[in-house]
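*Asks:* Based on what follows, work out the 3D shape:
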Amino acid sequence: MQSLLHILYPPQCIGCGALVARDFGLCGPCWRDTPFITGLACDACGVPLPGETTDRDEHCDDCLTLTRPWRRGRAALLYRDTARRLVLGLKHGDRLDLVPPAAGWMAGLAGPLLQDDTVIVPVPAHYVRLLRRRYNQAALLANALGARLDRPVLPDLLRRTRATAVQDGMRREQRFANLSAAIAPAPSARRTLSGRAVLLVDDVMTSGATLTAATDAAHAAGARRVDILILARVAKDA
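*Replies:* Model (predicted):
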């Protein structure tokens, strides 16, 4: 049956629609234009760093300047070129077919972030945005990750307390002010998260303001530690 379906509906590249060998794959040109993060990367936010991989924790300039409330972080892609188009397709274009491959790329980086008791929690979306977009892409990624990693996903333990302004074009200080106290634990969060390790999942990190607010909310609910896993990281030179 699968072979028949592939004859009728041959697999297409998720980037450009060209024919590929298997479902949810990238063709050669799109693969080359997709900036996967490999090699040495910041241990806090996942942005790539110059140099060779070492046994030490290395940090980018931003994470040396800012105190990050989470422990460790990883990102699968740099937010540019094909990666940017894919992320925007998922965020604004109803490209839910991108969730399985994106979760696969993220799952490959999750090992150093997982504890025995880790639960996966997506960054929440405000209900106004959910009504407009119809889904929270962070929750979709978290659910797919949970299935791949065999970890529980708890999508309703953090909530947006207010609708925040779109952050495009804001400076770093404005982003943090915009997100200040905008995410809080749900009433049931303390009972569930107290003493647990949390893996926060989101689609894009720019300044880290959203992930900071979400991490603070998880700690307020009693989480023992928080790590972050994101699909794409915005870099200064991207």
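*Asks:* In stretch 16-29, which residues are buried?
*Replies:* 20, 23, 24, 26, 27 (16 or more other CB atoms under 10 Å). Just so you know, the C-beta spots here come from the backbone N, C-alpha and C atoms, and that holds for glycine as well.
*Asks:* Kindly apply the preceding question to stretch 100-112 instead.
*Replies:* For stretch 100-112, using 16+ other CB under 10 Å, the buried residues are 100, 101, 102, 103, 105, 106, 107, 109, 110.
*Asks:* Show me those that map onto helices.
*Replies:* Of the buried residues of stretch 100-112, the ones assigned to helices by DSSP state H are 100, 101, 102, 103, 105, 106, 107.
*Asks:* what about the helices in this protein?
*Replies:* 2-8, 28-32, 61-65, 81-92, 99-107, 127-133, 137-149, 172-179, 189-193, 209-220.
*Asks:* residues in contact with stretch 177-187?
*Replies:* Around stretch 177-187, the neighbours that count as contacts under CB atoms under 8 Å, 6 or more residues apart in numbering are 123-124, 156-162, 164-165, 167, 170, 193, 209-210, 212-214, 216-218, 220-221.
*Asks:* cutoff 6 Å now
*Replies:* Outside of stretch 177-187, the residues that reach it under the criterion CB atoms under 6 Å, 6 or more residues apart in numbering are 157-162, 164-165, 209-210, 213-214, 217, 220-221.
*Asks:* Quick check: which ranges of this protein have low pLDDT?
*Replies:* 1-9, 237-238 (pLDDT under 70).
*Asks:* about what we covered before: between the ones in helices among the buried residues of stretch 100-112, which sits nearest residue 52?
*Replies:* Distance ranking of those against residue 52, using CB to CB, places residue 105 first at 22.6 Å.
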